[in-house]
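Enquirer: Dropping the sequence and predicted coords here.
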Amino acid sequence: MEAAGERTRQLVEKSLVSADELEGLKAMAAARTAAIEEIRDRLAMRQRFLSGAVSAQEVEIQGRLTSAEANVKSVRAKVESLENQLERITTLERQGLADSTESRYLQAALEAAQAELKLAALEKEILEKAR
């Protein structure tokens, strides 16, 4: 994985991949990592259910909680990516190298992602109380 990161940095340095694309790839990798963790957690919970260690209701709640945790991680990575992109575009805009339309678009996308993160965190909190 580290070799892939180094290769990507080289591509950015040679301007073969833009910084925005790199941020998008990082967010996508974080989302996939969260999805893999979610699958592992679900499998472990199913094994505990099959062994009789937990009830069906506990499996259901834990499954939803696992999904909520993965969603929080994924959306958090999206927010961080958008923040970095917005910072970069704002800097370019101040230098006269970018149009304000793109920064307004990124600001709206960031606000939507932040709202999505708040909702995901609230869902996780509710499920933790139900457990």
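Expert: Alright, I've got the coordinates. Residues are numbered from 1 along each chain as shown.
Enquirer: what helix or strand is Val12 on?
Expert: Using DSSP states H and E, Val12 maps to helix 2-13.
Enquirer: C-terminal to that helix, what's the next element?
Expert: Per DSSP H and E, the first helix or strand lying C-terminal to helix 2-13 is helix 19-50.
Enquirer: and whichever helix or strand comes after that next one, which residues are buried?
Expert: Downstream of helix 19-50, the next assigned helix or strand under DSSP H and E is helix 56-94. Neighbour counts over helix 56-94 (16 or more other Cβ atoms under 10 Å) mark 59, 61-79, 81-82, 84-86, 88-90, 93 as buried. Every C-beta, even on glycine, is put in place using the N, C-alpha and C of the backbone.
Enquirer: State the mean pLDDT of helix 56-94.
Expert: The predicted model assigns helix 56-94 a mean pLDDT of 90.
Enquirer: which other helices and strands contact that helix?
Expert: helix 19-50, helix 100-130 (3 or more Cβ pairs under 8 Å, 6 or more residues apart in numbering; DSSP states H and E).
Enquirer: now that helix, how far from the centre of its chain.
Expert: 3 Å (Cα atoms, centre = their mean, to the nearest Å).
Enquirer: Same question for stretch 101-109.
Expert: Counting by Cα atoms, centre = their mean, stretch 101-109 is centred 19 Å from the centre of its parent chain.
Enquirer: wait, isn't Thr8 in contact with Val17?
Expert: Yes - with contact defined as Cβ atoms under 8 Å, Thr8 reaches Val17; the gap is 6.6 Å.
Enquirer: Report pLDDT for Thr8.
Expert: At Thr8, the model reports a pLDDT of 72.
Enquirer: Tell me how far it lies from Leu106.
Expert: Applying Cβ to Cβ, to the nearest Å, the value for Thr8 to Leu106 is 21 Å.
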